[in-house]
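Enquirer: Mind looking at a prediction? Sequence and model below.
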Amino acid sequence: MTPRLLNHGAAATYCGMSKPHFDAHIAPHVPPIKFGPRKQWWDRVALDAHLDRLSGISNDMPCPVEWLDRA
């Protein structure tokens with residue numbers, strides 16, 4: 001079973017890139033879920049949605065992060 005929440009290293013690996021590349025190109029668009037001051041987790045579904053939009057697979061599916069901004 002693939003976990004839904006990924007730590008920094010696992011999120012970068014899941015996206016197939018180094019942590020610095022992930023920080024520069026993915027993390028600004030898919031912010032982490034924070035659990036306390038030092039614990040950060042990226043939602044795999046949010047990463048998938050963002051990557052789907054970047055690749056052109058889906059351009060009409062809003063990112064879960066955008067849903068949170070509307071609240």
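Expert: That came in fine, so what should we check first?

Enquirer: Which of the helices or strands spans the residue positioned nearest the centre of the chain?
Expert: With distances taken as C-alpha atoms, centre = their mean, residue 47 lies nearest the centre of the chain, 3.4 Å away. Secondary structure from DSSP states H and E places residue 47 in helix 44-55.

Enquirer: Could you give me the buried positions within that helix?
Expert: Neighbour counts over helix 44-55 (16 or more other C-beta atoms under 10 Å) mark 44, 46, 47, 48, 49, 50, 51, 53 as buried. (Each C-beta comes from the backbone N, C-alpha and C, glycine too.)

Enquirer: Same question for stretch 32-48.
Expert: Buried positions in stretch 32-48, judged by neighbour count with 16+ other C-beta under 10 Å: 32, 40, 41, 42, 43, 44, 46, 47, 48.

Enquirer: if you go through this structure in chain order, where are the strands?
Expert: Taking DSSP state E as the test, the strands found in the chain are 5-6, 33-35, 39-43.

Enquirer: which stretch among these comes nearest residue 16?
Expert: Of all the strands of the chain, strand 5-6 sits nearest to residue 16, with 12.9 Å by C-beta to C-beta.

Enquirer: For that closest one, which strands pair with it and how are they oriented?
Expert: Strand pairing for strand 5-6, determined by DSSP bridges: strand 39-43 (antiparallel).

Enquirer: So for the strand it pairs with, mean pLDDT?
Expert: Mean pLDDT, strand 39-43: 95.

Enquirer: Centre of the chain to that strand, how far?
Expert: 9 Å (C-alpha atoms, centre = their mean, to the nearest Å).

Enquirer: This completes my enquiry, with thanks.
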